[in-house]
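**Student:** Kindly return the folded structure for what I paste below:
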Amino acid sequence: MRKVAIDHLDFVGQGLHRPECVLCTANGRVFVSDWRGGISVIEPDGEQWALLATDGEVGVRPNGICLLPGDGGVLLAHLGDEAGGVYLLDENANPQPWLMEVEGEPLPPTNFVHRDARGRTWVTVSTRLRPRALGYRATQGDGFVILHDARGTRIVADGLGYTNECVVHPDGRRLFVNETFARRLVAFDIAADGTLGRKRVITEFGAGVFPDGLTFDVNGDAWITSIVSNRVIHVDPAGKQTVVLEDCDAEHVATVEAAYAAGAMDRSHLEAVRSARLRNISSMAFGGADLCTGYLGCLLGDAIARFKAPVAGYPPAHWQFRGPTRNAAHAGR
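**Tutor:** Below you'll find the predicted structure:
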């Protein structure tokens, strides 16, 4: 797998607000989460605008985002300090509670939301602990995965080591999940009724790697983005890892590693970065007409890095969706 040089990166977008999650569609559009309460959209011609919740009382803090078919609504995983949930933001920027509890309990701060090719929605909660930084421990395991489908809403996997992005594999038979602070990529078999079967470890990561973002290429191989070390890692079906892109400072990574080993890692370790160009990358999407451009969401930057990928991506479930259009009076705030 060919490695990508840092100086081969370029950037799209400007003045973005914590663009943690990035999605691409076949029409050339790029969608990113916007910490102000919605999404920012980068059009193929470079024009940029924002669709933000009109109700300031809601206070949605989008982490993961998910495009919906039809009228172009978008789901927002709300990563509040205390509360969570998933909100539906329509094209008129009206926020509506979409999923606020599971099995009779309010959702804690919510990390990610993913719609698969069958129209099922998967949601992750990283930890039940407050503050969330208490979950930044190798031994902590109270994260979980929710499935919402025609049968209802239920927890389908629990006891995970800081559940982050989860994506159904292109084969449609397995759900892959990043456990960020357990440092592993795992997969579950998906039964016909959505029940998850046995958990298998695809690969475990070493020093400097905290797996966050997850996507797949045309061969069905996983691509992982690591916070802290700004690494993009290709993982083949046997679990072999290849670092494709890296932008990190060894001393900074060592400092974070020491805190992690001591059980003292906290938000300050994620809110600082020492690197040449990348600003704590957290997600990846394949885009471009040939799905051969990698786009990188991030926690700390105000633009989206992109690079020519050595392999094409697999078209995600939302690839042919149009996404929200700029037809609301408040868009662009």
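
**Student:** how about low-confidence regions in the stretch 201-333 of the chain?
**Tutor:** Across the stretch 201-333 of the chain, the ranges flagged by pLDDT under 70 are 328-333.

**Student:** how about the helices in it?
**Tutor:** Secondary structure of the stretch 201-333 of the chain (DSSP state H, counting those that start in this stretch): helices at 250-261.

**Student:** And the strands in the stretch 101-250 of the chain, which stretches?
**Tutor:** Here the stretch 101-250 of the chain has its strands, by DSSP state E, counting those that start in this stretch, at 101-102, 105-106, 112-115, 121-125, 143-149, 152-160, 163-168, 174-179, 184-190, 196-204, 209-216, 222-228, 231-235, 241-246.

**Student:** mind checking which of the ones you listed is nearest residue 274?
**Tutor:** Smallest distance to residue 274 across those (CB to CB): 10.1 Å, for strand 222-228. Every residue, glycine included, has its C-beta placed from N, CA and C.

**Student:** Which secondary structure elements does the closest one sit against?
**Tutor:** Judged by 3 or more CB pairs under 8 Å, 6 or more residues apart in numbering; DSSP states H and E, strand 222-228 is in contact with strand 209-216, strand 231-235, helix 250-261, strand 281-287, strand 293-298.

**Student:** Could you list every helix and strand that the longest one packs against?
**Tutor:** Meaning helix 250-261. Using 3+ CB pairs under 8 Å, 6+ apart, helix 250-261 sits against strand 222-228.

**Student:** buried ones in the strand it packs on?
**Tutor:** Neighbour counts over strand 222-228 (16 or more other CB atoms under 10 Å) mark 222-228 as buried.

**Student:** likewise stretch 282-300?
**Tutor:** Quick answer for stretch 282-300 (16+ other CB under 10 Å): 282-288, 291-300.

**Student:** Could you count how many residues lie near residue 130?
**Tutor:** Counted with other CB atoms under 10 Å, residues neighbouring residue 130 total 12.

**Student:** Could you check the pLDDT of it?
**Tutor:** pLDDT, residue 130: 95.

**Student:** any idea how far it lies from residue 83?
**Tutor:** 11 Å (CB to CB, to the nearest Å).

**Student:** next one: residue 289
**Tutor:** Residue 289 is 40 Å from residue 83, by CB to CB.

**Student:** these two touch, right, residue 305 and residue 282?
**Tutor:** No. In this structure, residue 305 is not within contact of residue 282 by CB atoms under 8 Å, at 11.4 Å.

**Student:** Please enumerate the shared neighbours of those two.
**Tutor:** residue 298 (CB atoms under 8 Å, 6 or more residues apart in numbering).
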